[in-house]
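Visitor: got a predicted structure plus its sequence, pasted below:
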Amino acid sequence: MSSISATQSPSTPVDRPTPVAIPVRAVLPWAFFLGLLALIALYFVGAEQGATSVFSGATLHEFVHDGRHLLGFPCH
Amino acid sequence: MDVVRNLLVRGMLAGLVAGLAALIVASVFGEPQVRDAIALEEASGGHSHGAEPAGAAHAEEEDELVSRGVQSTIGLATGVGVYGVAVGGIFALAFAFVYGRVGQAHARATSGVLGLAAFAAVILVPFLKYPGNPPGVGDGETIGRRTSLWLAMLLLSLAAAGVALIVGRALAPHGAWTAVPAAGLAFVVAAGVAMWAMPGVDEIPAGYSADLLWKFRLASLGVQAALWSTLALVFGALAERLLEPRRAQTPSNALA
Ligand SMILES: [Zn+2]
C-alpha cells in the first residue's frame, strides 16, 4: 500500500480506486437469508442437543463436542 | 447485487481457511487438555458434581454414541469447519455494510479493523465473563441458564460495540487519533459495565486442576484468535482483489 501518499484525500487515488460503499439495499436481502442460515449453522455447532434440542438424542452433540468446548460455547 | 454474492463466497472461503488454522491450533493445543479433562472426569467417577445427572451430557458417559477417536478428529474438524464458514459468511456481510463508510479505509484495512473489533466484541468479552470449560467441569443441570447468560453477554457486548461506533463516528471530524481511542474507550467502559452487572457463574468444583483449566482456556482463546486473525487477513486480501483491482498497477503507470 502507498504509505507515502500525502493525505487521505478522496480525490487522489494513486494506485487504487477510492472505496465505494455498497448500497445497503443491495446487502439487506443477503444479510437476511444468508445471515439466518449462518446463525442456524452456528446453533447446530454450538448449542443443539445441549441447552435446547431440535432433534432428540445426543449424537450430534457428541460428534461436534470437542469443537463446541474448544470454541468456547457453554457445555457440560 | 452481484458484488454482495461475490463477497459472500469470498467470506465463506476465507472462513474455511480460518477454520483450518483454528483446527490446527485446536488439535495441537486443545486436544491434550480435552483428553486430560475426560480422564479426570472418568477417574472422579463420572460427573464431577456427583449426584446430579444431566440430560445430553449424561448420556455420553453411559453410552458412547460417537467414539473419542471420531470426536477428536472428524467431529472436531466438522464443528470448527462449519463454524468457520458460517462466521466467514457473517463477516462478509458485516464488511459489506462497513466498507466505504469508515473514512477512506481500503478493503484490507477495513477487514483487519473489523476482524479485531469483532474478535473483541464477539469472543473476548463473553470469554472474560463466561469462559469456556473443558468437558466435565460444568454442571449439566445449569446448561440452559449458562447458555442464556453467555448469549446475553454476547448481545450486550455487541451493543457496547454499537455505542463505540456511535462515539467514533461522532468524533470522526476530529481525526482518527481522537475518534479511534475514544471509540475503544467507549467499548471498554460499556462492556465493563455490562460485565459488572451480569451475574457470575461459579461452578468449578473445589480442587479441580487449575493448571488444566488455565491451559484449556488459553488453548480455547488461541483457537478463536487463529480463526479470526486468519479470517480477517485472508478475506481482506480476497476482498481487495474484487473491489480494488487496480492495486496491481504501480503509481508510475497509473492514469493521471
Ligand atoms: Zn460438553
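Guide: Received, thanks. Residues are numbered from 1 along each chain as shown, chains lettered A, B, ... in the order given.
Visitor: helix/strand/coil for whatever residue of chain A ends up closest to chain B?
Guide: Per Cβ to the nearest Cβ, A:G67 is where chain A lies closest to chain B, at 2.5 Å. The C-beta positions use only the backbone N, C-alpha and C, and glycine is treated the same way. Using DSSP: H, G, I helix; E, B strand; the rest coil, the structure places A:G67 in helix.
Visitor: so it is in contact with B:G79, correct?
Guide: Yes: assessed by Cβ atoms under 8 Å, A:G67 is found in contact with B:G79 at 2.5 Å.
Visitor: please enumerate the shared neighbours of these two.
Guide: A:V45 (Cβ atoms under 8 Å, 6 or more residues apart in numbering or on different chains).
Visitor: what about the nearest residue to A:R68 once chain neighbours are set aside, how many neighbours?
Guide: Spatial nearest neighbour of A:R68, chain neighbours left out: A:C75 (5.3 Å); criterion: Cβ to Cβ, 6 or more residues apart in numbering or on different chains. The tally of other residues near A:C75 (other Cβ atoms under 10 Å in any protein chain shown) stands at 26.
Visitor: SS state for A:C75?
Guide: The three-state assignment at A:C75 reads coil, by three-state DSSP.
Visitor: for it, give me the pLDDT.
Guide: Per-residue pLDDT puts A:C75 at 90.
Visitor: try B:R108
Guide: With respect to pLDDT, B:R108 has a value of 96.
Visitor: swap in the one 3 residues further on?
Guide: Per-residue confidence for B:S111 comes out at a pLDDT of 97.
Visitor: verify the stated contact: it with B:A239.
Guide: Yes: shown here, B:S111 and B:A239 form a contact pair, counting by Cβ under 8 Å, at 6.0 Å.
Visitor: have a look at these two and say which one is more surrounded.
Guide: Each of B:S111 and B:A239 has its neighbours counted (other Cβ under 10 Å); B:S111 has more, 29 against 24.
Visitor: ok, the least confident helix or strand in chain A by mean pLDDT near the ion or not?
Guide: Ranking every helix and strand in chain A by mean pLDDT, DSSP states H and E puts helix A:59-63 at the bottom, with a mean of 94. No: with Cβ under 5 Å from the ion as the criterion, the ion is not reached by helix A:59-63; the gap is at least 7.6 Å.
Visitor: do the same with stretch B:142-151
Guide: No: against the ion, stretch B:142-151 shows no contacts by Cβ under 5 Å from the ion, the least distance being 8.5 Å.
Visitor: chain B against the ion: which residues are in contact?
Guide: For chain B, the residues found near the ion under the criterion Cβ under 5 Å from the ion are B:P135.
Visitor: how is chain B partitioned into domains?
Guide: As given by automatic domain parsing, the domain ranges for chain B are B:2-138+B:209-254, B:139-203.
Visitor: mean neighbour count, those domains: which tops it?
Guide: Mean neighbour counts were taken over the domains of chain B using mean count of other Cβ atoms under 10 Å in any protein chain shown, and the top value, a mean of 19, falls to domain B:2-138+B:209-254.
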